[in-house]
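*Asks:* sequence below, structure please.
(2 chains)
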Amino acid sequence: MKILSSAKRILALGSKEWIQIYRDGRSLVLSFLLPVIMMVIFGYALSMDVTHVKLVVLDNDKTPFSRSLIEEFSHNEYISVINFASNNGEIDSLLNGGEAAMGLVIPVEFEKRHLSGKSADIQLLVDGSDSSSALVSIGYVQAIVLDFNQANEISEMKQNGIKNPEIPVDIRSRIMYNSELKSKNFIIPGILAIIMAIISALITSLTISREWERGTMETLISTPVRRFELFTGKMIPYIFIALFDVIVSVCLGYFIFGVPLKGNFTELYLIALLFLIGNSSLGILISSATKSQVLSVQLSMMITFLPSFILSGYVFPVKNMPAIVQAFTYLVPAKYLILCIKGIALKGIGLTLLWSQILFLFLFCIIVAIGSIKYLDLRIPE
Amino acid sequence: MIEVNNIVKKFGGITAVNDISLKAGKGEIFGIVGPDGAGKSTLLRIIASIMKPDNGNVILDGTDIHKNAFTARENIAYMPQRFGLYEELTVEENINFFGRIFGMNGKNIEKRKENLYKFSHLEPFKNRLAGRLSGGMKQKLGLACALIHQPQLIILDEPTNGVDPVSRREFWKILYDLLSGGVSVIISTAYLDEAERCGKICFLYKGNLISEGTPEEIKNSIGKSLIVVITSDPRKSEKLLRERGEFSNIILTGNSLRVFTDNIKKAKESLKSILPEQDINILSMSESDATLEDCFVELLSGDGKIS
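*Replies:* Sure, this is the predicted structure:
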């Protein structure tokens, strides 16, 4: 009997909340559109792949050997030779103007030094203002030059009569899970987690504060409604919205951005549900703590977006952070969710391998939900 | 039967409610009367179990409502001063919601709703959003939502504030009809004409209970007679009579002066001598019964609380 009337109250609250949601068209549209917008913006804009690095070449030698080196740079997707300079000043001005990211200078007597058995130097000028792109670009050049050297040595050995020349050590790397090393494949799972973190906390953070601001809470708390009923009834409709958002986002990632989904979608969905319950509880907690709609929106954005973006290991590797900050990252639930999504989507591993992440998410969910229920006021604050 | 015993509530250093006790029986309307800031809302919130008192208790039919808040709330209806319903929900959705939150099933809600529509005349507006109702209709809807679960105790915080006189009259008619069902009503008001309609009232001022009883008892309790004098210059007369210090209180209302006195005969004579001395003509002079407003002003000014 008690359970029955409890269920009735939860249902009453849930359906009331649902009516309020669809009568307030703006927030409904926002909660469906925001994930799509975020997915598209981040998916297209936040590409970390360094391709088509613009290179300007100054060839002071103009010999077959120097031209064969330049040739090596011309036919790949990583580097584009955009210009040939006639003097050093021209390279400087192209680098300064940002039209080129790198400049390659081949000195005079380049071929001559090579033929006389000496090592021939070339100079590489790099725009270091974007340090990580610069490092990647230098890596490309080194790899290309290494290839060029090997090819030359082997052909020389053959000329000198060695029949089957071999390189002492040859690396055969096979990249697993994200074989094309596309940054989209880790950006999209990450953004999925961030969308979930923001949406679920944002939409629930309005629920309790709105009741206090409009004065409806005073009537509501004079009824026999219990704390956990208020908590559950308020949360249910928003969980459904957030779960719908997850489907939309996963579809966008899969069909538009071509991110693979190697694992089981149901497992991914269950983990998402766990995360959403925890994060929605956080929104309700913020809402009942602030009792102001403006404040709760700002606070929930700050508490969910910033840590999920910065401390989850999504953009900045956790290993590079100072020890104290690293310790904090263990408190960011998005970190575990991102690991789960990547594991399921890219590696195709199942729940059995992800149990420690799921345990953390479960603890987060339970702790925040209990805190949120305890914190709900059923009396007028003084 | 609702018993409020020795309620004390302090906010910081301010005592909002100071040791107040009152009782309301079944079928009784108990009015809490007082100016703004008297502590009426605080007292009602405590009786509605949504605010804890610092001291004292509230007993509804033998149950301490603060110790058993959830069970007590099943039998209480509370209508706050500020409109407390969902403006995005229609009239009917609001009523349904409160029915369900009180654990009623659909059939009972429908049955009860018919009844509530009958007295509130809200049926033609049942699909209108609550936020689009007029002030009077909002209050009637508030009452309908409060009554859906047939409570034993109905607590109304200034329900007719800002409501037009016709709707006010209708609202009171509904309240009277309820009493036959054996409920207790506790209502707060700042209007003294409304206080006259209550079975029992108490005057609240700065958190203190100044007087309590039926409206008749309160009117008699001041033990003074009242003379209504209309003169050619009411303002000058008031000043003059005040300076004499002979009368216990003088209230200027419109053109007439309401003069309180212990001795009606002596007062009449001195009025007849004082006023003409200053070239003020007495146009009429009669004895009158004190209204609650007279009593309220007299009670407060007697203690030097207002002048």
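*Asks:* ok, now which ones touch residue 189?
*Replies:* As the question left the chain open, I've gone with chain A. A:G253, A:V259, A:I338, A:I341, A:K342, A:A345, A:L346 (CB atoms under 8 Å, 6 or more residues apart in numbering or on different chains). The C-beta positions use only the backbone N, C-alpha and C, and glycine is treated the same way.
*Asks:* the intended chain is chain B.
*Replies:* Counted by CB under 8 Å, 6+ apart, B:T189 has contacts B:G31, B:I32, B:V33, B:E158, B:T160, B:A195.
*Asks:* among the residues you listed, who's most crowded?
*Replies:* Of all the contacts of B:T189, the highest neighbour tally under other CB atoms under 10 Å in any protein chain shown goes to B:I32, namely 29 neighbours.
*Asks:* so what's the residue nearest to B:R244 when sequence neighbours are not counted up against?
*Replies:* The spatial neighbour of B:R244 that comes closest, neighbours along the chain excluded (CB to CB, 6 or more residues apart in numbering or on different chains), is B:I274 at 6.4 Å. Contacts for B:I274 (CB under 8 Å, 6+ apart) come out as B:L240, B:L241, B:R244.
*Asks:* what do you get if the cut-off is 10 Å, keeping everything else the same?
*Replies:* Taking CB atoms under 10 Å, 6 or more residues apart in numbering or on different chains as the criterion, B:I274 is in contact with B:S237, B:L240, B:L241, B:E243, B:R244, B:E246, B:I280, B:I282.
*Asks:* ok, A:I203 next?
*Replies:* A:21, A:27-28, A:30-31, A:34, A:237-239, A:241-242, A:245, A:280, A:283, A:297, A:300.
*Asks:* only whichever of these are buried, select them in ChimeraX.
*Replies:* Buried residues among these (16 or more other CB atoms under 10 Å in any protein chain shown), as a ChimeraX selection:
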select /A:21,27,31,34,237,238,239,241,242,245,280,283,297,300
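*Asks:* backbone phi and psi for whichever residue of the stretch 51-200 of chain A sits closest to chain B, please?
*Replies:* Closest contact between the stretch 51-200 of chain A and chain B, by CB to the nearest CB, is at A:I199 (21.3 Å). The phi and psi values for A:I199, taken as degrees, to the nearest 10, are phi -60, psi -50.
*Asks:* enumerate every residue touching it.
*Replies:* By CB under 10 Å, 6+ apart, the residues touching A:I199 are A:30-32, A:34-35, A:38, A:238, A:241-242, A:245-246, A:249, A:276, A:279-280, A:283, A:304.
*Asks:* please redo it, this time with the cut-off set to 7 Å
*Replies:* Residues in contact with A:I199 (CB atoms under 7 Å, 6 or more residues apart in numbering or on different chains) are A:S31, A:L34, A:P35, A:A242, A:D245.
*Asks:* report how many residues lie close to the nearest residue to A:G190 once chain neighbours are set aside.
*Replies:* Nearest non-adjacent residue to A:G190, counting by CB to CB, 6+ apart: A:Y314, 4.0 Å away. Look at A:Y314: counted by other CB under 10 Å, it has 22 neighbours.
*Asks:* assess the claim that A:Y314 and A:I338 are in contact.
*Replies:* Yes. A:Y314 lies in contact with A:I338 (CB atoms under 7 Å); the separation is 5.8 Å.
*Asks:* find the residues that touch each one of these two.
*Replies:* Both A:Y314 and A:I338 are contacted by A:G190, under the criterion CB under 7 Å, 6+ apart.
*Asks:* show me the contacts for A:I236.
*Replies:* By CB under 7 Å, 6+ apart, the contact list for A:I236 reads A:G14.
*Asks:* wasn't B:L204 part of a strand?
*Replies:* Yes. B:L204: assigned to a strand according to DSSP: H, G, I helix; E, B strand; the rest coil.
*Asks:* count of neighbours near it?
*Replies:* Neighbourhood size, B:L204 [other CB under 10 Å]: 26.
*Asks:* burial count for B:K173?
*Replies:* Neighbours around B:K173, by other CB under 10 Å: 10.
*Asks:* give me the three-state assignment for it.
*Replies:* State at B:K173, reduced to three classes by three-state DSSP: helix.
*Asks:* tell me the contacts of the residue of the stretch 151-300 of chain A found nearest chain B?
*Replies:* Across the stretch 151-300 of chain A, no residue is closer to chain B than A:T219, which sits at 3.4 Å (CB to the nearest CB). Residues near A:T219 by CB under 7 Å, 6+ apart: B:Y78, B:P80, B:G84, B:L85.
*Asks:* want to try TSV for these, with pLDDT and distance to B:G103 as columns?
*Replies:* TSV is the format used below for the contacts of A:T219 (pLDDT from 0 to 100; distance: CB to CB, whole Å):
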residue	pLDDT	distance to B:G103
B:Y78	96	17
B:P80	94	21
B:G84	91	19
B:L85	93	19
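*Asks:* so what does the top helix by length along chain A touch, helix or strand wise?
*Replies:* Of all segments of type helix in chain A, defined using DSSP state H, the longest is helix A:131-159. Helices and strands touching helix A:131-159, by 3 or more CB pairs under 7 Å, 6 or more residues apart in numbering or on different chains; DSSP states H and E, are helix A:64-74, strand A:123-126.
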